[in-house]
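*Asks:* Only the shape, not the letters, is given here:
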């Protein structure tokens, strides 16, 4: 049986200063590692405010190569802390081709690879289709020093197919770096239900696949200064669910926090033995799922 491992989720606020955000994230990584975290994840697009609230071509200047300067700097921090890192970046692949990407760095600083966000939303204040090309790397796993992990980014977390494929490749934990919040005019009426749905869908991935699910969200209010941008109140609530879907650690909705959680692969083994969803999958009957719609 694989050894137990400890994960850390960094829930933090961001500013418009990329270097300030990077410095702050490094401080939080060191703090999480000092508390025993061996695999540490930051939230989605941590080097900036969530810039997709508007469509502005100047904001493509925030993008960078992956691997590149940021992964090189964070690789040194990973080695210093002896901790693997999951870091979400705005990737410049080529002129006109940009991705929402997570880099995975091992505990010795090695760049293990990257995952590119597959599902790209386009909603008020979440205008990601303007910025991001859909991912083309599939649903990879990464063998860190401590555990085999997978990644899904924000909007990906609502799709069972991506989490299933990630789990089927052997991931012991799936990280969900996220930037999600309330529209100010919707919070009172829809806020509790939106938060509950967000938590529920990711818990369901843990249950259906018998893996740990680790969702890490940003916190704080961003925007409100540009015409047509009322801003977003990011709701935090970062959490870890065990393979039975039980939330074993959760952060607040309004403060920076670090969650440090021990994960035991034996629990996945036990859960899958008693709820053998993977055994009972009818892989011979699922071909129609490749169609967009069936009721025509």
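*Replies:* Thanks, I have it. All values reported here derive from a predicted model rather than from experimental measurement.
*Asks:* What about residue 126, how many residues nearby?
*Replies:* Neighbours of residue 126 under the rule other C-beta atoms under 10 Å: 19. (Glycine included, C-beta is placed from N, CA and C.)
*Asks:* Bridged to it, which residues?
*Replies:* With DSSP bridges applied, residue 126 shows beta-bridge pairing to residue 123.
*Asks:* Test my guess that it contacts residue 54.
*Replies:* No. Residue 126 is beyond contact range of residue 54, at 10.6 Å (criterion: C-beta atoms under 8 Å).
*Asks:* For residue 144, give me its contacts.
*Replies:* 39, 84, 104, 106, 107, 112 (C-beta atoms under 8 Å, 6 or more residues apart in numbering).
*Asks:* gap between it and residue 162?
*Replies:* Residue 144 sits 20 Å away from residue 162, going by C-beta to C-beta, to the nearest Å.
*Asks:* And the most centrally placed residue in the chain, what's its pLDDT?
*Replies:* Using C-alpha atoms, centre = their mean, the residue of the chain that lies closest to the mean C-alpha position is residue 177, 1.7 Å off. pLDDT, residue 177: 98.
*Asks:* ok, it to residue 216 distance?
*Replies:* Distance of residue 177 to residue 216, given as C-beta to C-beta: 6 Å.
*Asks:* Give the residues shared as contacts by the two.
*Replies:* Common neighbours of residue 177 and residue 216, using C-beta under 8 Å, 6+ apart, are 41, 42, 43.
*Asks:* quick one: which of these is nearest to residue 193?
*Replies:* Closest approach between the shared contacts of residue 177 and residue 216 and residue 193, by C-beta to C-beta: residue 43, at 22.2 Å.
*Asks:* so residue 189 sits in a helix?
*Replies:* Yes. Applying DSSP: H, G, I helix; E, B strand; the rest coil, one finds residue 189 inside a helix.
*Asks:* Distance of it relative to residue 230?
*Replies:* Relative to residue 230, and taking C-beta to C-beta, residue 189 is found at 15 Å.
*Asks:* Same drill for those two, tell me which one is more crowded.
*Replies:* Using other C-beta under 10 Å, the more surrounded residue of residue 189 and residue 230 is residue 230, with 15 against 9.
*Asks:* ok, the more buried one touching residue 187?
*Replies:* No. Using C-beta under 8 Å, residue 230 makes no contact with residue 187, being 10.9 Å away.
*Asks:* Any stretches of this structure with poor pLDDT?
*Replies:* 1, 225-228 (pLDDT under 70).
*Asks:* if we can go back for a sec, which of the contacts of residue 144 fall in strands?
*Replies:* Counting by DSSP state E, the contacts of residue 144 place 39, 84, 104, 112 in strands.
*Asks:* Using a markdown table, lay out those residues together with distance to residue 221 and neighbour count.
*Replies:* Putting these into a markdown table (distance: C-beta to C-beta, whole Å; neighbours: other C-beta atoms under 10 Å) gives the following:
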| residue | distance to residue 221 | neighbour count |
| --- | --- | --- |
| 39 | 29 | 28 |
| 84 | 31 | 28 |
| 104 | 30 | 27 |
| 112 | 34 | 18 |
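*Asks:* closest to residue 132 among those?
*Replies:* Closest approach to residue 132 among those (C-beta to C-beta): residue 104, at 18.7 Å.
*Asks:* List the beta-bridge partners for that closest one.
*Replies:* Taking DSSP bridges, one obtains residue 86, residue 113 as the residues bridged to residue 104.
*Asks:* dump the residue contacts of it.
*Replies:* 84-87, 111-115, 142, 144, 149, 151.
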